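Colleague: When you get a sec, could you give me coordinates for this:
(one chain, ligands or ions: 1)
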Amino acid sequence: MAENILRKLVNNSQMAINDGVYEIDADLQKSNKDFVQIIKTNQHATLLTEIKFASPSLGKIRTTSDPVSIASQMIAGGAKALSILTQPHLFNGSPEYFMKVRQAVDVPLLMKDIMIDKVQIDAAKKIGADYMLVIQSLFDQKFLKDIDDFISYGHKQGLEILLEVHTKEEFKNALKTEADIIGINNRNLDTLEIDLKTTEKVLEGYEKTRVILSESGIETPEDINYLKKLGADAFLIGSSIMKSDNIQEQVKKLVNAY
Ligand SMILES: O=C(O)c1ccccc1NCC(=O)[C@H](O)[C@H](O)COP(=O)(O)O
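Modeller: Now for the predicted structure:
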């Protein structure tokens with residue numbers, strides 16, 4: 001799959017769009033909580049934990065089960081927001097899981113998908129997402145055009161934007177946008193390799209103007225403290241929590257990293 005993973009992810013999203021996955025008849029409300037404010041005031045590590053049953057890098061992570069139960073355990077452990085996969089292909093996600101969780105919890109929710117089309121942004125609003133994911137490399141590598149228009153459309157739908165980068169160049173471009181949070185993905189989407197030093201490389205020499213989320217490959221309190229020292233304000237964690245036998249305790253351990 002290494003031949004071009006991004007292309008494959010874009011094609012998968014197009015397939016899901018063509019199959020009507022995002023044609024949703026719902027009007028759920030987002031949370032009334034401000035995640036950026038939570039990040040700025042939380043005395044402990046702010047975790048955005050991810051409900052993710054499978055991934056391109058790991059295949060099956062956990063047997064698909066009730067997402068509401070997983071969400072409740074994450075929140076009981078101290079997660080301040082949740083990321084929920086809605087992409088069916090390779091991630092086993094779905095907007096239905098998302099809506100079940102939205103109806104059960106009041107924390108901010110990120111619709112985690114490979115967003116390539118405004119029809120998905122419309123869906124994010126309908127399912128009650130607070131945040132949507134935008135991937136800078138999709139624009140820099142010319143899979144998509146006009147990131148400012150895409151972000152502005154999301155904002156007009158009442159969504160906040162998590163803009164994900166992996167390189168210094170992408171980070172520079174991301175800083176020119178109106179994104180609400182910039183996520184540094186420690187996973188290289190061309191190779192799927194993870195290196196926490198990505199956050200270090202990207203943030204080197206950066207004078208803080210935005211809220212920074214470090215994403216992927218985070219497993220231990222030590223990882224969190226390392227990333228915090230580099231300038232990360234919050235942490236997106238999926239696999240290491242989803243693989244755990246005790247989700248609540250695993251989240252608690254990470255939240256109490258500091
Ligand atoms: O997780 C993957 O294998 C993956 C592959 C290709 C594109 C995106 C992918 N994941 C999306 C993510 O950003 C992660 O799910 C998220 O940062 C959590 O990462 P982790 O804690 O390593 O599960």
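
Colleague: What parts of the protein come near the ligand?
Modeller: 9, 50, 52, 55-57, 185, 187, 189, 192, 215-218, 236-240 (CB under 6 Å from any ligand atom). For every residue, glycine as well, the C-beta is placed using N, CA and C.

Colleague: Could you double-check that residue 155 lies in contact with residue 161?
Modeller: Yes - the pair residue 155 / residue 161 is scored as a contact, 7.0 Å apart, by CB atoms under 8 Å.

Colleague: between those two, what contacts are shared?
Modeller: Common contacts of residue 155 and residue 161 (CB atoms under 8 Å, 6 or more residues apart in numbering): residue 178.

Colleague: Neighbour count for the two, which is higher?
Modeller: Legend: neighbour count by other CB atoms under 10 Å for residue 155 and residue 161, higher for residue 161 (23 against 15).

Colleague: Would you confirm that the more buried one contacts residue 134?
Modeller: Yes - between residue 161 and residue 134 there is a contact under CB under 8 Å: 5.6 Å.

Colleague: list residues touching both of these two?
Modeller: With CB under 8 Å, 6+ apart as the test, residue 161 and residue 134 both reach 151, 154, 179.

Colleague: Narrow those to those in helices?
Modeller: 151, 154 (DSSP state H).

Colleague: In PyMOL, how would I select the buried members of the shared contacts of residue 161 and residue 134?
Modeller: To isolate in PyMOL the members of the shared contacts of residue 161 and residue 134 that are buried, counting by 16 or more other CB atoms under 10 Å, one can use:
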select buried, resi 151+154+179
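
Colleague: Now the shared contacts of residue 161 and residue 134 in CSV, please, with extra columns for pLDDT.
Modeller: Formatted as CSV, these follow (pLDDT from 0 to 100):
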residue, pLDDT
151, 98
154, 98
179, 98
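
Colleague: which one of the shared contacts of residue 161 and residue 134 sits closest to residue 26?
Modeller: Proximity of the shared contacts of residue 161 and residue 134 to residue 26 (CB to CB) peaks at residue 154, which lies at 17.9 Å.

Colleague: quick one: contacts for the closest one?
Modeller: 121, 124, 132, 134, 160-161.

Colleague: related to what we said a few turns ago, please produce a PyMOL select command covering the buried subset of the residues of the chain next to the ligand.
Modeller: Here is the PyMOL command that selects the buried residues among the residues of the chain next to the ligand (16+ other CB under 10 Å):
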select buried, resi 9+50+52+55+56+57+185+187+189+215+216+217+218+236+237+238+239+240
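
Colleague: Tell me which of the residues of the chain next to the ligand fall in strands.
Modeller: Among these, the members found in strands (DSSP state E) are 50, 55, 185, 215, 236-237.
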